[in-house]
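> Got a predicted model here, sequence first, then my questions.
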Amino acid sequence: MNELDNVTKLRNLDWEGPADLERRLEMPRRDFLKFCAGIAGTLGLPVGAEAAVAKAIESAKRPSVIWLHFQECTGCSESLLRAEHPTLEKLILDVISLDYHETLMVAAGHQAEQARKDAMAANKGKYVLVVEGAIPTKQNGVFCKIGGHTAIDMLKECAADAAAVIAIGSCASWGGMPSTLPSIPGADSSPTGASGVAEILGKPVVTIPGCPPNPYNFLATVVHFLTFGALPAVDKLGRPLFAYGRLIHENCERRAHFDAGRFAMAFGDEGHRKGYCLYKLGCKGPETYANCPTLGFGDAGESNWPVGCGHPCIGCSEQGVGFTKPIHGMAKMLNVAPPLQFPRISEDVGKGAGFASAAALAAIAGAAAGGAVMLAKNLGLSHEAAELQKAKDDKQQAEV
Ligand code: FSX
Ligand code: SF4
Ligand code: F3S
């Protein structure tokens, strides 16, 4: 009996071999393994982890998922199911057992409510609760009712026996677009008092913000749960570190233009056409934590993300930025250090910093100071100014 058989036996599951898997997923095994490697890479797992991911997906019993919809546009579900990759939705629906999802399930009315109650009873303490949309709190939550229950009551009921709760999208994570203030003088909350899941449950939950979020970040979170029996490490806002650990600005493909002071100053101008940095058009990459530049959306190819398409990031995933700050207003620079601060492949361990790590820290500190100077210098430039400067330098050079 091989190792895979052992894993399968331990989990008391049926394993019918690679041919069955190919049939089940409607994809060649090679593509399946490529997918597993992609997920392992997204999670930041070490080389070889794709085998563990593959085993978990192949052999684990699909976790029952109850998916609630509240105040939102259903863009999160759409982004999961409308990916260009023909098999992504197949994989999602094969990796999880989606037992209740109001916009996807065939059942309606009482049958749908019964399906939810049946799935919750049959998988008590084991199901994953996914929440999409904000929860209105004003006037006892009357602004969103399903099957006669308010979103508040339904959320609390479903969360009580869940093994894990995942808030998908900015709406469920922190209130998102529905939580924005109306442009009425003195307004101090949204018309419905739209809130995030953690606020209602009074305890932290895993959040996958974005409007919509990247489907791979959700899928990778679920696969982590399947592979390791636990949700991934998160930051203080519940965001998985593998996806939200770094500022967009740190990994942006236009970063070299930023560092060199080459900015697009208007949509369609020369700098914009040349792919210069969008900071001066309001890009919020410098104050938004997400992996949009490194992951791309919908499998439609590299650069398939807002900045890659030529529009500034609006900070859709970041509370206090997206839907709050003016889209074309300048971002706050949270970190001026150039990409020198990226961690090295192997870090020193043990008590105190060794010579190499002390040198690295000094380099980072120096880079930060240098970065601040460069920032002050470069932000005063536009691509036009930079080109004028270059012409001046060339002229001086020619005269020497
Ligand atoms: Fe829409 Fe989801 Fe935005 Fe909200 O995404 S894409 S409004 S985050 O809850 O459906
Ligand atoms: Fe990229 Fe925006 Fe940063 Fe410019 S400001 S480098 S476009 S993230
Ligand atoms: Fe949103 Fe900005 Fe990413 S607008 S999708 S957080 S690039």
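Okay, I see it. Numbers count the residues shown, from 1 in each chain. Ligands and ions are numbered 1, 2, ... in the order given.

> Can you tell me the closest non-neighbouring residue to Lys145?
Here the nearest residue to Lys145 in space, its sequence neighbours aside, is Ala151; by C-beta to C-beta, 6 or more residues apart in numbering that works out to 7.4 Å. For the C-beta atoms, the positions are set from N, CA and C on the backbone; glycine is no exception.

> and what of Asn140?
Closest residue to Asn140 in three dimensions, ignoring its sequence neighbours and counting by C-beta to C-beta, 6+ apart: Thr150, at 6.7 Å.

> I'd say that neighbour and Val142 touch.
Yes. At 6.7 Å, Thr150 counts as touching Val142 under the criterion of C-beta atoms under 8 Å.

> Who has more neighbours out of these two?
More neighbours surround Thr150 than the other of Thr150 and Val142, with 20 against 12 (other C-beta atoms under 10 Å).

> Okay, that one and Ser179: tell me how far apart.
When C-beta to C-beta, to the nearest Å is the yardstick, Thr150 and Ser179 sit 17 Å from each other.

> next one: Ala51
42 Å.

> who's more crowded, these two?
For Ala51 against Ser179, the residue with the higher neighbour count under other C-beta under 10 Å is Ser179, and the figures read 24 against 14.

> My guess is the more buried one contacts Glu199. True?
No. Ser179 sits out of contact with Glu199 when judged by C-beta under 8 Å, with a separation of 10.0 Å.

> Name the nearest residue to Asp118, ignoring sequence neighbours.
By the measure of C-beta to C-beta, 6+ apart, the closest residue to Asp118 outside its immediate chain neighbours is Asp99, 7.9 Å from it.

> For the one you found, what is the enclosing helix or strand?
Asp99 belongs to strand 97-101 when assigned by DSSP states H and E.

> mean confidence for that strand?
Averaging pLDDT along strand 97-101 gives 85.

> List the buried residues of that strand.
Neighbour-count burial for strand 97-101, with 16 or more other C-beta atoms under 10 Å as criterion, is recorded at Leu98, Asp99, Tyr100, His101.

> which residues does the last one bridge with?
Going back to what we said before, that points to His101. Trp67 (DSSP bridges).

> which ones are touching it?
By C-beta atoms under 8 Å, 6 or more residues apart in numbering, the residues touching His101 are Val65, Trp67, His69, Ser77.

> what separates it from ligand 1, distance-wise?
13 Å (C-beta to the nearest ligand atom, to the nearest Å).

> Tell me, how many residues neighbour whatever residue of the chain ends up closest to ligand 2?
Here the chain gets closest to ligand 2 at one residue, Gly285, 2.3 Å apart by C-beta to the nearest ligand atom. For Gly285, the count of nearby residues is 27 (other C-beta under 10 Å).

> Kindly state the pLDDT recorded for it?
pLDDT for Gly285: 97.

> my read: it touches Ala331, true?
Yes. Taking C-beta under 8 Å as the contact criterion, Gly285 and Ala331 are neighbours in contact, 7.1 Å apart.

> which neighbours do the two share?
With C-beta under 8 Å, 6+ apart as the test, Gly285 and Ala331 both reach Tyr279.

> Return the residues in contact with the residue of the chain found nearest ligand 1.
In the chain, the residue found nearest to ligand 1 is Gly75; the distance is 2.5 Å by C-beta to the nearest ligand atom. When the contact criterion is C-beta under 8 Å, 6+ apart, the partners of Gly75 are Gly169, Cys211, Pro212.

> are any of the residues you listed buried, and which?
Neighbour-count burial (16+ other C-beta under 10 Å) is assigned, among the contacts of Gly75, to Gly169, Cys211, Pro212.

> among these, which are in reach of ligand 1?
Applying C-beta under 6 Å from any ligand atom, the subset of the buried ones among the contacts of Gly75 adjacent to ligand 1 comprises Gly169, Cys211, Pro212.

> Give the closest residue to the residue of the chain closest to ligand 2 in space, chain neighbours not counted.
On the basis of C-beta to C-beta, 6+ apart, the spatially nearest residue to Gly285 that is not a chain neighbour turns out to be Ile248, at 3.7 Å.

> Next to ligand 3, which bits of the stretch 201-350 of the chain? Give me the list.
Residues of the stretch 201-350 of the chain lying close to ligand 3 (C-beta under 6 Å from any ligand atom) are 210, 248, 288, 290, 292, 305-307, 313-317.

> Most neighbours out of these, which is it?
In terms of neighbours by other C-beta under 10 Å, these top out with Ser317 at 32 neighbours.

> out of the buried ones among the contacts of Gly75, who's nearest Pro240?
Within the buried ones among the contacts of Gly75, distances to Pro240 taken as C-beta to C-beta reach their minimum at Gly169, with 14.2 Å.

> I'd guessed that closest one sits against Cys76; true?
Yes. Gly169 is in contact with Cys76 according to C-beta under 8 Å; the separation is 4.1 Å.

> Quick check: neighbours shared by the two?
What both Gly169 and Cys76 touch, as defined by C-beta under 8 Å, 6+ apart, is the set Glu132, Pro212, Pro213.

> the strands in the chain, which residues?
Counting by DSSP state E, one finds strands in the chain at the ranges 64-69, 97-101, 128-132, 145-146, 149-150, 164-168, 206-208.

> Pro232: what's it in contact with?
So Pro232 contacts Leu43, Val206, Ala220, Thr221, His224, Pro240, Leu241, Phe242 (C-beta under 8 Å, 6+ apart).

> Present the residues of the stretch 201-350 of the chain next to ligand 3 as CSV; the columns should include pLDDT.
Putting those into CSV (pLDDT from 0 to 100) gives the following:
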residue, pLDDT
Gly210, 97
Ile248, 96
Thr288, 97
Ala290, 96
Cys292, 94
Trp305, 93
Pro306, 95
Val307, 96
Cys313, 97
Ile314, 97
Gly315, 97
Cys316, 97
Ser317, 97
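
> out of those residues, which touch ligand 2?
Among these, the ones lying close to ligand 2 by the criterion of C-beta under 6 Å from any ligand atom are Ile248, Val307, Cys313.

> Fine by me, thanks again.
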